[in-house]
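*Asks:* Here is a sequence with its predicted model. Questions after.
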Amino acid sequence: MTDGSATATPAAGELSRERIARIDPSGQLGDVLALPDHLRDALWRAESAIMQDWDTSAGLVVAGMGGSAIGGALARAALGDHASRPIFVTRAYGIPTWTTPDTMVLCASYSGDTEETLACYESAGALGAKRTVVTTGGRLAEMARADGVPVIPLPAGFQPRAAVAYMIVASLEVAALCGAGPRLTSEIDVAASHLEQLVAEWGPDAPEDSLAKVLARGLFGTTPVIAGAGLTNPIAYRWKTQINENAKQPCFSHELPELDHNELAGWEGAHEVGRFSAVFLDDSDAHPRVKQRMDLTEQMIAGNAVASFRLETRGQTAIERVLSLVLLGDLVSIYLATLRGVDPGPVPVLDELKATLARM
Ligand code: F6R
């Protein structure tokens, strides 16, 4: 990890449980720390909900938005080269035109009332695709029950984005069910134990110089720009969205090698227009040229970034490695919210937009 944050705004005070609790009445920190338990509970729920194998030769489409869609993208990253059929994530009002009766469409919506996902559910039905739903209820559950579509039920009471482990496991289980990937049940179980160690290492009871706390202080007062590559690409997007929704501040993400063909040039003027920091998410299995690009890119933007961090996934299997940096990003976003003094839970502006649209 490198840190050029000599000029960063100082973020005073301990990141203790007590301090976090003062700004976090709905317990978002607790939901992040419970990721290992969510994984185990999610396995049980997915396995008890779906009885039959539905082989779909055309692969899997995961349809959802925001915190409900990211599980599909992270699951696809965890399957990597082991995916044997196409796995496509759609965040839109429709599903791809190539969807056929031989495609499985997993409609993922925590609330069950997201209009884009409801539209995807209907278009999947119109195209005769096989459907599965993962939700707490809402209109999506009502329609699925009426249509005899299997529902993986989720526990209520979370912010949708805090149910990420449930959404990853549902996507992985449905991918296995429809023949798009191997069953990862035992790897998920092992990954849950691995995450417990990382919770102790990076959680609120860890020292002030532990990684997640150092990162939050380094990013505080800046606009973070997160870079992923391959397996870490959807994790970079997860960091961005968690920093947006929990810390209520701008944050952007991009991917290597693509960003070396455009964003790199934008860093030249970064110091003139704002305080930007960079986070590079590396993985032990990344392409060797991507690793060289990360080194070079970090060196070349150094003078224009307020702070720069290079992080690597932890763990053996792909699912362990994916979850390691998801946990780290989720913790960093809660610590950033704490440093900023904002409640990480509610996202009233998103609710307001949904309510306004519903009246139109
Ligand atoms: C809120 C959040 C959002 C929602 C999105 C879709 O915590 O993360 O990104 O996930 O607005 O809503 P659901 O998940 O209910 O379909």
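*Replies:* Everything's here; your move.
*Asks:* Over to the residue lying closest to F88 once chain neighbours are set aside. Which of the three states is it?
*Replies:* Among residues not flanking F88 along the chain, V61 sits closest, at 5.0 Å (Cβ to Cβ, 6 or more residues apart in numbering). Every C-beta, even on glycine, is put in place using the N, C-alpha and C of the backbone. Following DSSP: H, G, I helix; E, B strand; the rest coil, V61 is assigned to strand.
*Asks:* mean confidence score for stretch 40-49?
*Replies:* Here stretch 40-49 scores 90 as its mean pLDDT.
*Asks:* dump the residue contacts of A69.
*Replies:* Shown in contact with A69 (Cβ atoms under 8 Å, 6 or more residues apart in numbering): V62, A63, V89, R91, A108.
*Asks:* Check A156 too.
*Replies:* So A156 contacts T136, G137 (Cβ under 8 Å, 6+ apart).
*Asks:* dump the residue contacts of the residue in the chain that the ligand sits nearest to.
*Replies:* Per Cβ to the nearest ligand atom, G66 is where the chain lies closest to the ligand, at 2.1 Å. Applying Cβ under 8 Å, 6+ apart to G66 gives the contacts R91, P160, R161, T241, L350.
*Asks:* how about 7 Å then?
*Replies:* G66 sits next to P160, R161, T241 when contact means Cβ atoms under 7 Å, 6 or more residues apart in numbering.
*Asks:* Pull out the buried residues from those.
*Replies:* Buried members of the contacts of G66, scored by 16 or more other Cβ atoms under 10 Å, are P160, R161, T241.
*Asks:* filter those down to the ones close to the ligand.
*Replies:* When contact is defined as Cβ under 6 Å from any ligand atom, the buried ones among the contacts of G66 meet the ligand at P160, R161.
*Asks:* Test for you: state the pLDDT assigned to the residue nearest the centre of the chain.
*Replies:* Centrality entry for the chain: nearest residue to the mean C-alpha point is R238, 3.6 Å, by Cα atoms, centre = their mean. Here the pLDDT value assigned to R238 is 98.
*Asks:* Need the three-state assignment for it.
*Replies:* Per three-state DSSP, the secondary structure class of R238 is helix.
*Asks:* so it makes contact with L327?
*Replies:* No - using Cβ atoms under 7 Å, R238 is not in contact with L327, being 10.3 Å away.
*Asks:* circling back to that earlier point, against L60, how distant is the residue of the chain closest to the ligand?
*Replies:* Shown here: G66 relative to L60, a distance of 19 Å by Cβ to Cβ, to the nearest Å.
*Asks:* sorry, back to before: count residues in the vicinity of the residue nearest to F88, would you?
*Replies:* 25 (other Cβ atoms under 10 Å).
*Asks:* ditto for S16
*Replies:* Neighbours around S16, by other Cβ under 10 Å: 14.
*Asks:* Contacts only, for it.
*Replies:* Contacts for S16 (Cβ under 7 Å, 6+ apart) come out as P204.
*Asks:* what does A229 give?
*Replies:* Here A229 is in contact with E255, L256, A286, V290 (Cβ under 7 Å, 6+ apart).
*Asks:* Filter those residues down to the ones in helices?
*Replies:* The members of the contacts of A229 that map onto helices under DSSP state H are V290.
*Asks:* who touches A286 in this structure?
*Replies:* Going by Cβ under 7 Å, 6+ apart, A286 touches A229, G230.
*Asks:* any idea how far it is from N233?
*Replies:* Applying Cβ to Cβ to A286 and N233 gives a distance of 10 Å.
*Asks:* quick one: L35 and L327 touch, right?
*Replies:* Yes - under the criterion of Cβ under 7 Å, L35 makes contact with L327 at 5.8 Å.
*Asks:* Now the common contact residues for these two.
*Replies:* Shared contacts of L35 and L327, defined by Cβ under 7 Å, 6+ apart, are found at L195.
*Asks:* So in this protein, which helix runs the longest?
*Replies:* helix 318-340.
*Asks:* Checking the closest residue to Q28 other than its chain neighbours next. Helix, strand or coil?
*Replies:* Counting by Cβ to Cβ, 6+ apart, Q28 lies nearest to P344, which is 4.4 Å off, once chain neighbours are set aside. Three-state assignment for P344 (three-state DSSP): coil.
*Asks:* Around the ligand, pick out the residues from the stretch 251-360 of the chain.
*Replies:* Counting by Cβ under 6 Å from any ligand atom, the stretch 251-360 of the chain sits next to the ligand at V347, L350.
*Asks:* where exactly do the strands run in the stretch 251-360 of the chain?
*Replies:* When secondary structure is read from DSSP state E, counting those that start in this stretch, the stretch 251-360 of the chain shows strands at 252-255, 276-282, 307-312.
*Asks:* Nearest to G112 among those strands would be which one?
*Replies:* Among the strands of the stretch 251-360 of the chain, the nearest to G112 by Cβ to Cβ is strand 252-255 (27.5 Å).
*Asks:* buried set for stretch 279-293?
*Replies:* Under the neighbour-count criterion of 16+ other Cβ under 10 Å, stretch 279-293 has V279, F280, L281, D282, D283, A286, V290, K291, R293 buried.
*Asks:* can you pull the contacts of the first one?
*Replies:* The neighbourhood of V279, defined by Cβ under 7 Å, 6+ apart, consists of P224, I226, A227, W239, F309, L311.
*Asks:* For the stretch 1-150 of the chain, what lies in contact range of the ligand?
*Replies:* So far as Cβ under 6 Å from any ligand atom goes, the stretch 1-150 of the chain lies against the ligand at M65, G66, G67, S68, S109, Y110, S111, T114, T117.
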